[in-house]
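Student: Structure, please.
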Amino acid sequence: MTDLDFGVFAPGIASCRKLVATPGLSEEARWKIFGDICVEVARYVAKGLDRATGADVLHEIAQARGWSDEGEVQTVIADAFAKIPEFERVPDGIGDEPKINGREQPSERPKASFAFLSKTDFLAGFVPPDYLVDGVLQRRFIYSLTAVTGHGKTAVALQLARVVGSADPDACFGPHTVEKGKVVYFVGENPDDVRCRIIGDDSTRSDDPNCDRIYFIPGVFDIAGLRAEIVSIVDRIGGVDLVIVDTSAAYFLQQDENSNPQIGAHARMLRSLTTLPGGPCVVTLCHPIKHVTDPSQLLPRGGGAFMAEIDGNLTAWKHDDNLVTFHHSADKFRGPGFEPITFKLEKIATEKLVDSKSRMIPTVHAVAISEREEAEQEATAEREEDQLLAELNSNPDRSVADLARACKWMLTTGEPHKSKVERVLTRLRIAKLIKKVRGRRWRLTDEGRKLLNEHDDETVEDRSGAIGSKKAFHALRGMKQRPTVPCTYCGQTGDVYKFADGRLPKGQRHHADLHEGCAEPFFTGQPKPADEGSGPPESLLH
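Tutor: As a prediction, this is how the structure comes out:
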């Protein structure tokens, strides 16, 4: 067996061992799964894998399960390998059309037919949208949820599963109401991580998590090959309302994600889950097609062949350290669309989730936050960026640890919070306010210096107030600032917060350090006090 053969084949061996040993399966089901695995190995043998090596791997999987009946194991393997000549006649790329002289040829198909309808008959077939998540997700639709690794797609998916499958009648997905129902979650990537997240999330709940109607299918297997078993199980629980596949890549069992026939067949297999008993909404988690620097680039792997089979591409984009914006691609969403939903990735530590030495294991869950909470979080992130920018300007030749100490960002152990500095540096770099020189040292860009040196002689527009707005003024208050931070409007310290003009939409707000009584005169363009430093006007203190 060549290195190339092994590189393609080996990653699935451990998954096969786990699949055969999946808890809760009957012995009959285990033998069925083992038989399917044998057939897949036979396909590899037909493509050039050494026959003896394939047989050895299958015997190893059987022995790991503890099957001692060598005769029965050998019979199952022999039955699968008997199909090798048939597989050898199939062209490269399972599911590809036959090729003659390099050109694709149509397969033999039944004679096509079509319907010829009047306008009245055609319109009679209209089916009104049936929303599972009101205004967001429809039943019998399939959606991709695309995000970069670490940007919260599993956390958001688990939150979605919880609000649909829990007994809490008031549970919502952000501001959107949901229809309660049953959830089936295919856990194809890192089941232990998913277990940790669920244990952590359950520890924060006021309702009873044991009442959840959520079912999990751990491990990777051939969904199409075991469809009859899946239908039987789903039918037994009375149908399903939501199916989550985590992830599309985990259940792609072909060889080439760039092959249109293969990825198209995979997408159609995922779409077929919408026809399970209950007519569920299907959400499949996806990795993006390339290195992504902007949410608009969040498209699922598989290109047009995959996108053509889905009804909408949902996106999750992490920003401001721990906020995740949940939205959809503008040009791929069947339906009216919805406004972005912001979730916060909250860290959880609970005594119900510990390691073998009884130490708590930190995990995260996604929590939808209000507009006010989002403004506070954005203000905190902006304050941290300003603080680090100032420290870099005063002395850039410092290590990450020294920068953490200068900003007073320390862990509970007393050690400098270096990872926080790295995260803020990344945000400043993406905003093009700093650049790296000579290894790990950072310098302010011209734009960074300009931002740092902005003076206070601003117009209403400069202050990011709502010019000509007829709305009643209301301020959005963020995090409280350090006691030494002065108010931008009056120059006094004490009880200074980050404020934004609430009349502006989210993407246009700018936060300023202000007393509560100074927010309105600042954002409405009133002149600063003649004696700056005397505090906010007495008439505004209430």
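Student: Can you spell out which helices and strands pack onto the helix or strand I61 falls within?
Tutor: For I61, the host element (DSSP states H and E) is helix 51-65. Identification of packing neighbours for helix 51-65 by 3 or more Cβ pairs under 8 Å, 6 or more residues apart in numbering; DSSP states H and E yields helix 11-20, helix 27-46, helix 70-81. Any C-beta I mention is one placed from the backbone N, CA and C, and that applies to glycine too.
Student: Now render those as a markdown table, adding mean neighbour count, mean pLDDT and distance to Q159.
Tutor: Shown next, in a markdown table, are these (neighbours: other Cβ atoms under 10 Å; pLDDT from 0 to 100; distance: least, Cβ to Cβ, whole Å):
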| stretch | mean neighbour count | mean pLDDT | distance to Q159 |
| --- | --- | --- | --- |
| helix 11-20 | 17 | 62 | 27 |
| helix 27-46 | 18 | 81 | 31 |
| helix 70-81 | 15 | 80 | 42 |
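Student: closest to D513 out of those helices?
Tutor: Shortest distance between D513 and those, using Cβ to Cβ, is found for helix 11-20: 52.9 Å.
Student: What residues does the spatially most central residue of the chain make contact with?
Tutor: Central residue of the chain (Cα atoms, centre = their mean): K153, 1.3 Å from the mean position. By Cβ atoms under 8 Å, 6 or more residues apart in numbering, the contact list for K153 reads 145-147, 285, 316.
Student: Out of those residues, which sit inside strands?
Tutor: The strands, defined by DSSP state E, take in 145-146, 285, 316 from the contacts of K153.
Student: Which pair of those residues spans the longest distance?
Tutor: L285 and A316 (9.2 Å).
Student: between the two, what contacts are shared?
Tutor: With Cβ under 8 Å, 6+ apart as the test, L285 and A316 both reach 145, 147, 153.
Student: one step back: how about CSV for the helices and strands packed on helix 51-65, with distance to V163 added?
Tutor: Shown next, in CSV, are the helices and strands packed on helix 51-65 (distance: least, Cβ to Cβ, whole Å):
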stretch, distance to V163
helix 11-20, 30
helix 27-46, 31
helix 70-81, 43
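Student: Among these, single out whichever gets nearest to P191.
Tutor: helix 11-20 (8.9 Å).
Student: Just list what the longest helix belonging to the chain packs against, helices and strands only.
Tutor: If you go by DSSP state H, the chain has its longest helix at helix 371-394. Applying 3+ Cβ pairs under 8 Å, 6+ apart, one finds that helix 371-394 contacts strand 323-333, strand 341-348, helix 400-406, helix 418-430, strand 441-444, helix 446-452, strand 475-480, strand 497-501.
Student: ok, now with 6 Å
Tutor: Contacts defined by 3 or more Cβ pairs under 6 Å, 6 or more residues apart in numbering; DSSP states H and E place helix 371-394 against helix 418-430, strand 475-480.
Student: How about residues contacting that helix?
Tutor: 320-321, 323, 342, 403, 406-407, 424, 428, 442, 444, 452, 476, 478-479, 498, 500, 511 (Cβ atoms under 6 Å, 6 or more residues apart in numbering).
Student: Out of these, which end up buried?
Tutor: Neighbour counting by 16 or more other Cβ atoms under 10 Å classes 320-321, 323, 342, 403, 406-407, 424, 428, 442, 444, 476, 478-479, 498, 500, 511 among the contacts of helix 371-394 as buried.
Student: Please tabulate the helices and strands packed on helix 371-394 in JSON lines and include distance to V245 and mean pLDDT as additional columns.
Tutor: Rendered in JSON lines, the data for these read as follows (distance: least, Cβ to Cβ, whole Å; pLDDT from 0 to 100):
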{"stretch": "helix 418-430", "distance to V245": "30", "mean pLDDT": "89"}
{"stretch": "strand 475-480", "distance to V245": "38", "mean pLDDT": "85"}
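Student: The ones you listed: which one's closest to C38?
Tutor: Of the helices and strands packed on helix 371-394, nearest to C38 by Cβ to Cβ is helix 418-430, at 46.6 Å.
Student: Also compute the angle for that closest one relative to helix 371-394, please.
Tutor: Orientation check (axes from the mean of the first three to the mean of the last three Cα atoms, to 10 degrees): helix 418-430 against helix 371-394 gives 90 degrees.
Student: Only C-alpha atoms, please: export helix 418-430 in CSV.
Tutor: In CSV, the C-alpha atoms belonging to helix 418-430 read as follows (Å, rounded to 0.1, in the frame of the first residue of the first chain):
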residue,chain,number,x,y,z
LYS,A,418,-1.2,37.5,27.2
SER,A,419,-4.0,35.8,25.1
LYS,A,420,-6.2,38.9,25.7
VAL,A,421,-3.4,41.1,24.4
GLU,A,422,-3.1,38.9,21.3
ARG,A,423,-6.8,39.1,20.6
VAL,A,424,-6.9,42.9,20.9
LEU,A,425,-3.7,43.1,18.7
THR,A,426,-5.5,41.1,16.1
ARG,A,427,-8.5,43.4,16.1
LEU,A,428,-6.2,46.4,15.7
ARG,A,429,-4.3,44.8,12.9
ILE,A,430,-7.5,43.9,11.0
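Student: Off-centre distance for stretch 384-401?
Tutor: 32 Å (Cα atoms, centre = their mean, to the nearest Å).
Student: Tell me the buried residues in it?
Tutor: Buried residues in stretch 384-401 (16+ other Cβ under 10 Å): 384-389, 391-392, 398, 400.
Student: Stretch 276-288 too?
Tutor: Those would be 276-278, 280-288, for stretch 276-288 by 16+ other Cβ under 10 Å.
Student: Now the two most distant members of those.
Tutor: P277 and P288 (32.5 Å).
Student: And the pLDDT at the closest residue to the residue nearest to the centre of the chain other than its chain neighbours?
Tutor: Nearest non-adjacent residue to K153, counting by Cβ to Cβ, 6 or more residues apart in numbering: A147, 3.9 Å away. On the pLDDT scale, A147 is placed at 96.
Student: and G174, which of the helices and strands packed on helix 51-65 is closest to it?
Tutor: helix 11-20 (34.6 Å).
Student: give me the number of residues near D56?
Tutor: As a burial measure, D56 scores 11 neighbours (other Cβ atoms under 10 Å).
Student: what residues go with each domain of this structure?
Tutor: 3-90, 131-368, 371-452, 475-540 (automatic domain parsing).
Student: which one of those lies closest to K119?
Tutor: domain 131-368 (22.3 Å).
Student: Between the two ends of the closest one, how far is it?
Tutor: End-to-end distance for domain 131-368: 20 Å, by Cα to Cα, to the nearest Å.
Student: so how far is it off the chain centroid?
Tutor: 8 Å.
Student: all numbers from here: first residue = 9
Tutor: With the count now opening at 9, the last piece we talked about shows up as domain 139-376.
Student: closest to E359 among the buried residues of stretch 284-296?
Tutor: Nearest member of the buried residues of stretch 284-296 to E359, counting by Cβ to Cβ, is L293, at 29.8 Å.
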